[in-house]
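*Asks:* Turn this into a model:
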Amino acid sequence: MRSRAWLLVLFLLCPVGLSVLAGGGARVAQVVVGWFCGSLVTGFGAALLFGVRAEWRNRRLYLRGVSVMAELTGQELVDVPDQEPPHHRRRRPAYGFTDLNGVRRTYRTERSPSDEVRAEVELSYDPADPQQVVQGAPTAWTTVGAVLAVLLLGLPVTAAGLGLIGVALAAPFVGP
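*Replies:* Okay, the predicted model is just below:
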């Protein structure tokens, strides 16, 4: 935890150090705005890329994992913070299945109150790590959406954010 705090402090002090190098004036605003805006934009792009990466992992797990039929073993109602009734509670069904080693496993998922809870569902899991479970088949639209998200948003936004950070880093060393 301490290393994360130090990284945050260094991240926040970096534009101050660059501003001192810039020697004041209009370039200070360029450094500060470029650094923080670039960081936010890069963070958004990176979060999008990581989300797409998780979607691809789920797709790969569905296609290459071990498929089993899991039966409903129970369900509980879970309170959802910041939701008004009747949507303030969600059903959290638990499904049981037996892995290849004969170990009984439980998979819990969250569903909205309007979703149907089925007695059996198809699950795919990774035999090397049976805790990695995915429910249901990915659709073609999730694949198309993932590709479009990477090509149209993830890569350009990340590149633009890194460009803003680059401008902020270069500002003290260029110009009059």
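
*Asks:* quick one, longest strand in the protein?
*Replies:* In terms of residue count, the longest strand belonging to the chain (DSSP state E) is strand 66-79.

*Asks:* which neighbours does that one have in its sheet, and in what orientation?
*Replies:* Under the criterion DSSP bridges, strand 66-79 sits next to strand 89-98 (antiparallel), strand 120-126 (antiparallel) in its sheet.

*Asks:* if I look at the closest residue to Arg108 other than its chain neighbours, how far off is Leu155?
*Replies:* Closest residue in space to Arg108, ignoring its immediate chain neighbours: Ala94 at 4.9 Å, by CB to CB, 6 or more residues apart in numbering. All C-beta spots, glycine's among them, are computed from the backbone N, C-alpha and C. Counting by CB to CB, to the nearest Å, the gap from Ala94 to Leu155 is 39 Å.

*Asks:* center of the chain - which residue?
*Replies:* A centroid search over the chain (CA atoms, centre = their mean) returns Gly51, at 4.0 Å, as the residue closest to the centre.

*Asks:* Checking my notes, it in a helix, right?
*Replies:* Yes: counting by DSSP: H, G, I helix; E, B strand; the rest coil, Gly51 is found in a helix.

*Asks:* who's in contact with it?
*Replies:* Ala149 (CB atoms under 8 Å, 6 or more residues apart in numbering).

*Asks:* repeat that with 10 Å
*Replies:* Going by CB atoms under 10 Å, 6 or more residues apart in numbering, Gly51 touches 146, 149, 154.
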